[in-house]
Structure formats: structure tokens, C-alpha cells
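A.B. asks: Sequence plus the predicted model coming up.
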Amino acid sequence: MGAAREQSEQEAPSRVQVWAMFDRIAHRYDLLNRSLSFGQDQRWRCRLARYLPDRPDLRLVDLATGTADQLLRLAKDPRIINGLGLDMAEKMLAIGREKIERAGLSDKLKLDIGDATALPLPDACADVVTVAFGIRNVESVPKGLAEIRRILKPAGRVLILEFGLPRCALIRCSYLWYFRHILPRIGGWISGDAHAYRYLNRTVESFPYGADFCALLEQAGFRAVRAHPLTFGVAFIYQGDRE
């Protein structure tokens, strides 16, 4: 399932009201995602659709939806009949709503304010819950995973796309050098908020990945947990099913 998380020199930054930081960089968020990942983020989001449950009429909830990139990607799949994106960053959601309207999907996709640790949704209302590059920003990951399990229907599936660290030592060293020294400078220059991109590398380096994150899913009560590494382990897609 992937390597256990190595001990990082980076301390985990606070996630308290992290949504306010994302509101500050909302105007450049999509541009920076494409640029700083060299377009890989789009490929990874498309790849996530491979792991949707193999049945029709899926109701989707996308957490930490941001500007709705993941929601819009999955809406192209005919198995998805409707989708709801939740986030705490209103300025990010405003951009997402414009994107949904331009795509002509306002009847199928909705966005709203929502805290991943206290979801404003009833039990067993979703067939699929996705989180793309947002689980590491949740203030309490165990609470967030418990809420995901609560809103999933029996046999529902969680799919989480998140950064990791490459297993190959040479690739990992190059990746960390880019993440620590190049990405924060470019991100800060384009967005006008250097703190946001220093936060990015610190959260990635201090967050559990591979087998360690799979263990968190299993502790939350998910079964058939798997981790699918992407691009040498730079990112992972995690899946787990509710009984």
C-alpha cells in the first residue's frame, strides 16, 4: 500500500481557520495548481474517476471542494447523477460557482459552506465522498473521517486524493528541494501570500501517507482500504468502503 511515513523535520502547522488563508489566494489558486504541479493535478483528478463504485446513479459529496475542480471532473462521468461541494472558504466557492455555471451544470452541481468535521448533512445520504488535496487541512482528521463514514450509504465509498512523499531517495530529495525552496517562492510571488505556500510544504511533509494513512481509514471503520500511488508517490488516491 505504500511506504510508512518517514519522520519529517517539518513541524505540522496549525489548521485552525485555514480556510481564511485559502480565501486570500482564491484569485490565483487554479493558476498556481496547474503551474506548480506542471499540470499533474489535472491528470490525478481524472484518475480518481477510475475508482468510483461500479454502479449507476451515484450521489457525490466533495469535501474541501475549493473552486470545484474535482467536482467538475467527476460530473463528466455518467455514473454521477448529482454532486454537492462543501468548503469553508467562501471566495473559493464563488469561483467554483462561476465555473459550474459556465459548464452548464448548475442543475446537477451545488456548492455550499460546510465544515468537514461537522457536516450539515443527514446520515447515509451519499454514495461517494471525495476529498482532493484537502484532508491534510482538516483540523481533526479522525473527526473528518468519522463524518465521511456517517454520511456514506452502506457500500458507499470514500476517495481521497492527497500528496505524499516519493519512496525513491533520489526522487524524494529532488522533490523536497523543490517543495521547500522553489515552490514557496513562486507561489508567494504569484499569489502575493508567501505564507500559504510555506504552509503547503509543511503540511505535506508532516502528514501521514501511504500505509500510515490507510491505517487511519481502517481505524475510522472503513474496509477494503487501498492506496494507489501516483507519479512515483508524489500523490496517492486512497479508497475505502463503508460496510
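C.D. replies: Structure received.
A.B. asks: check which helix or strand covers L72.
C.D. replies: Using DSSP states H and E, L72 sits in helix 69-75.
A.B. asks: That should have said G96, apologies.
C.D. replies: Going by DSSP H and E, G96 is part of helix 90-102.
A.B. asks: Just name whatever secondary elements that helix is in contact with.
C.D. replies: helix 19-24, helix 29-36, helix 69-75, strand 80-87, strand 109-113 (3 or more C-beta pairs under 8 Å, 6 or more residues apart in numbering; DSSP states H and E). (C-beta placed from N, C-alpha, C; glycine too.)
A.B. asks: Can you flag the weakest of the ones you listed by average pLDDT?
C.D. replies: Within the helices and strands packed on helix 90-102, confidence is poorest for helix 29-36, with a mean of 71 (mean pLDDT).
A.B. asks: which outside residues touch it?
C.D. replies: 22, 25, 41-42, 66-67, 69, 92, 95, 183, 186-187, 190-191, 197 (C-beta atoms under 8 Å, 6 or more residues apart in numbering).
A.B. asks: Name the residues of it that come out as buried.
C.D. replies: Within helix 29-36, the residues that count as buried by 16 or more other C-beta atoms under 10 Å are 29-30, 32-33, 36.
A.B. asks: Show me just the buried residues among the contacts of helix 29-36.
C.D. replies: Neighbour-count burial (16+ other C-beta under 10 Å) applied to those gives 22, 25, 41, 66-67, 69, 92, 95, 183, 187, 191, 197.
A.B. asks: how close does Y178 get to I190?
C.D. replies: 16 Å (C-beta to C-beta, to the nearest Å).
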